[in-house]
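**Q** pasting a predicted model and its sequence here:
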Amino acid sequence: MLATAPAKLILCGEHAVVYGQPAIAVPLPDLRATATVQAGAPQTGITLAVPDLSPEPIRDPQHPLIELIHATLATIAAPTTPNLHLTVRSNIPIASGMGSGAAVATALVRAVAQWGGVEIADATVSDLVYQSEQRLHGTPSGIDNAVIAYAQPIWFVRQQPAPLIEPIQIGAPLHLVIGDTGLRSETHRPVGAVRQAWQAQPETYTALFAAVGDIVRQTRTLLALPQPDLTSLGALLTANQHLLAQIGVSAPALEHLIGVALAAGAYGAKLSGAGWGGIMLALAADSTHAAQIAAALRAAGAVQATPTVVQAHG
Ligand code: MEV
């Protein structure tokens, strides 16, 4: 039994999405987490091997991933706790803004459902992973688990009782470059700092989040065009970056790579994900242009710079 899940990239709207503004995210199909399930030895219960992180398998029933496996077994109505040995691997950089944790969790949920012979809806997978992420990160919006579970470009709004998740139209392939600062940043730290800042200055932050929301709405309209207006789209991405810097989640290493990408002719550039490190993205005209921007980012110290194409969709 083998199941996989992609990494994710937030195009625009991160952080403001925690406060009810819309955001747009896309899957990155070339970076994936993979989970396999085998029958475990008798009386061993659930064990989870994560060979990239530790030589010893996880057995602690209170570990969030073991809890997630139990929650999935309950959801698919497995009659008794089976003896299962799961293994998870991932080529998604950790704590870099690409959703490695949510992808690992999604691959595990899908592998367990496959083992049980149960078709599991994307929304159910997303909910299970969200509950698990909540235990780890406190107040995630839910966008990471949603885009990874649906594995398609989405428009996401956090709202009650359930988030709004809509597949969005991408009118023409979008050429992006992802540059990695190499600085690892745990999502919950910048998210917590933004919460404190918002509590201290609610009016300022609410206005910043609303300005991000306006950008995201305009971006959705531009993304749907069959002949993309790259200049306007790029300007929106860069404007989103300026707001993220005011929100307090940029970092010198991100600003440096964003400046390099713009100097190399990118139409726009911004951090992506939680910030304070991790990755930035830049908008290019085509694959040749993307390769040039990637080379400039590498020369300027990016630990990785990867061109990627978001295919037309919808
Ligand atoms: C992290 O990928 C995106 C943030 O907006 C946090 C969240 O939405 O939970 C920074």
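**A** Arrived safely, thanks for sending. These figures come from a predicted structure and were not determined experimentally.
**Q** show me what contacts A102?
**A** Listed by CB atoms under 8 Å, 6 or more residues apart in numbering, the contact partners of A102 are A5, K8, V129, E133, D144, N145, I148. Just so you know, the C-beta spots here come from the backbone N, C-alpha and C atoms, and that holds for glycine as well.
**Q** just give me the longest strand of the chain.
**A** The residue-count maximum for a strand in the chain (DSSP state E) belongs to strand 23-39.
**Q** relative to that strand, what are the paired strands and their orientations?
**A** strand 2-12 (antiparallel), strand 84-90 (antiparallel), strand 154-157 (antiparallel) (DSSP bridges).
**Q** ok, back up a step: show me which of the contacts of A102 is closest to the ligand.
**A** The closest of the contacts of A102 to the ligand turns out to be D144 (CB to the nearest ligand atom; 4.9 Å).
**Q** can I get the helix or strand encompassing the closest one in CSV? Just the C-alpha atoms.
**A** Applying DSSP states H and E as the criterion places D144 in helix 143-150. C-alpha atoms of helix 143-150 as CSV (Å, rounded to 0.1, in the frame of the first residue of the first chain):
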residue,chain,number,x,y,z
ILE,A,143,-4.9,26.3,3.8
ASP,A,144,-1.9,24.0,3.9
ASN,A,145,-3.8,20.8,4.6
ALA,A,146,-6.6,21.9,2.1
VAL,A,147,-4.3,22.5,-0.9
ILE,A,148,-2.3,19.3,-0.2
ALA,A,149,-5.4,17.2,0.2
TYR,A,150,-7.2,18.6,-2.9
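**Q** what residues does that helix touch?
**A** 5-8, 10, 13-14, 17, 23, 25-27, 99, 101-103, 105-106, 122-123, 125-126, 129-130, 133, 153-154, 156, 158, 163, 165, 167.
**Q** so is that helix next to the ligand?
**A** Yes: residues of helix 143-150 contacting the ligand under CB under 6 Å from any ligand atom: I143, D144.
**Q** interface residues of the stretch 51-200 of the chain facing the ligand?
**A** So the stretch 51-200 of the chain meets the ligand at P140, S141, I143, D144, T187, V191 (CB under 6 Å from any ligand atom).
**Q** most neighbours among those residues, which one is it?
**A** When neighbours are taken as other CB atoms under 10 Å, the top entry among these is D144 (33 neighbours).
**Q** give the buried residues for the strand or helix carrying E133.
**A** If you go by DSSP H and E, E133 is part of helix 122-137. Neighbour counts using 16 or more other CB atoms under 10 Å place D122, T124, V125, S126, D127, L128, V129, Y130, S132, E133, H137 of helix 122-137 among the buried residues.
**Q** dump it to PDB, restricted to CA.
**A** Written as PDB, here are the backbone C-alpha positions of helix 122-137 (Å, rounded to 0.1, in the frame of the first residue of the first chain):
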ATOM      1  CA  ASP A 122     -10.500  15.100  -0.100                       C
ATOM      2  CA  ALA A 123     -12.500  17.100   2.500                       C
ATOM      3  CA  THR A 124     -12.200  14.300   5.100                       C
ATOM      4  CA  VAL A 125      -8.500  14.000   4.500                       C
ATOM      5  CA  SER A 126      -8.100  17.700   4.900                       C
ATOM      6  CA  ASP A 127     -10.100  17.800   8.100                       C
ATOM      7  CA  LEU A 128      -8.100  14.900   9.700                       C
ATOM      8  CA  VAL A 129      -4.800  16.600   8.800                       C
ATOM      9  CA  TYR A 130      -6.100  20.000  10.100                       C
ATOM     10  CA  GLN A 131      -7.000  18.500  13.500                       C
ATOM     11  CA  SER A 132      -3.500  17.100  13.700                       C
ATOM     12  CA  GLU A 133      -1.800  20.400  12.500                       C
ATOM     13  CA  GLN A 134      -3.900  22.300  15.100                       C
ATOM     14  CA  ARG A 135      -2.300  20.200  17.900                       C
ATOM     15  CA  LEU A 136       1.100  21.200  16.600                       C
ATOM     16  CA  HIS A 137       0.700  24.700  15.400                       C
END
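**Q** ok, residues contacting the lowest-mean-pLDDT helix or strand in the chain?
**A** Within the chain, no helix or strand scores below helix 122-137, which has a mean of 91 by mean pLDDT, DSSP states H and E. Contacts of helix 122-137 with the rest of the structure, by CB under 8 Å, 6+ apart, involve 64-65, 67-68, 71-72, 75, 101-102, 105-106, 109-110, 113, 140, 142, 144-146, 148-151, 165, 187-188, 191.
**Q** before we move on, the earlier item: next one: the helix or strand just after the longest strand of the chain to chain centre, how far?
**A** Counting by DSSP H and E, the next helix or strand C-terminal to strand 23-39 is strand 46-49. Computed by CA atoms, centre = their mean, to the nearest Å, the separation of strand 46-49 from the middle of its chain amounts to 25 Å.
**Q** I am finished for the moment; much appreciated.
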